[in-house]
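Undergrad: From the sequence below, what's the structure:
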Amino acid sequence: MPLIEDPLRLVTDDPAWTYTSTCAGSGGTALLRVWRTADGGHLAIVTEDVGPVSITNAAEEITAALISQYPGPLVTLEHYRAGDGAPHDRLDQVLARPGRVPEWKAVWPIPPANPNFETHQHWMRECGATLLSPLAR
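TA: Okay, the predicted model is just below:
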């Protein structure tokens, strides 16, 4: 997971970011927050909002839109708030590559048996929890 130099300094903070989707011929809105990463790229957190098409179903279109807007390395995380199918917030990394079916990698929370547990726990302590806090919104 990329390190964020200043978690309180966003490149983009759009509470009503619109995206398109070929799923059901529509799209939706989401909270989009983007930070510059220490390696010169970007980290985008797309938070699910109420809409006709979920961010998961529009992952390919969302990733393509973000890649065109934010040059360099890009990490995209889907964020679902507590109460949206789980008793806690959750983050999943979207791995959407042209011509391939998207894949998702759980970032947080993950069980201790997951081989990425220590890395992701460290990232959440260092910057992930701040990125999800109201201060970063």
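
Undergrad: Show me where the protein has its strands.
TA: Using DSSP state E, the strands of the chain run over 12-20, 27-36, 42-47, 74-80, 90-95, 103-108.

Undergrad: I figured G72 hits H42, correct?
TA: Yes - the pair G72 / H42 is scored as a contact, 6.6 Å apart, by Cβ atoms under 8 Å. Using the backbone N, CA and C atoms, a C-beta is placed for each residue, glycine as well.

Undergrad: between these two, who's got more neighbours?
TA: Taking other Cβ atoms under 10 Å, G72 and H42 do not tie; H42 has more neighbours (23 against 11).

Undergrad: Let me see the contact set for that one.
TA: Residues in contact with H42 (Cβ atoms under 8 Å, 6 or more residues apart in numbering) are 11, 34-36, 66, 70, 72-75.

Undergrad: And for D39?
TA: 2-3, 73.

Undergrad: between those, which has the most around it?
TA: Sorting the contacts of D39 by how many neighbours each has (other Cβ under 10 Å) puts P2 first, at 18 neighbours.

Undergrad: and L74, what are its bridge partners?
TA: Assessed by DSSP bridges, L74 has beta-bridge partners H42.

Undergrad: That one reaches G41, doesn't it?
TA: Yes - between L74 and G41 there is a contact under Cβ under 8 Å: 5.8 Å.

Undergrad: Name the residues that touch stretch 87-99?
TA: 1, 45, 59-60, 62-64, 75-82, 102-109, 128, 132.

Undergrad: got the end-to-end distance for that stretch?
TA: 34 Å (Cα to Cα, to the nearest Å).
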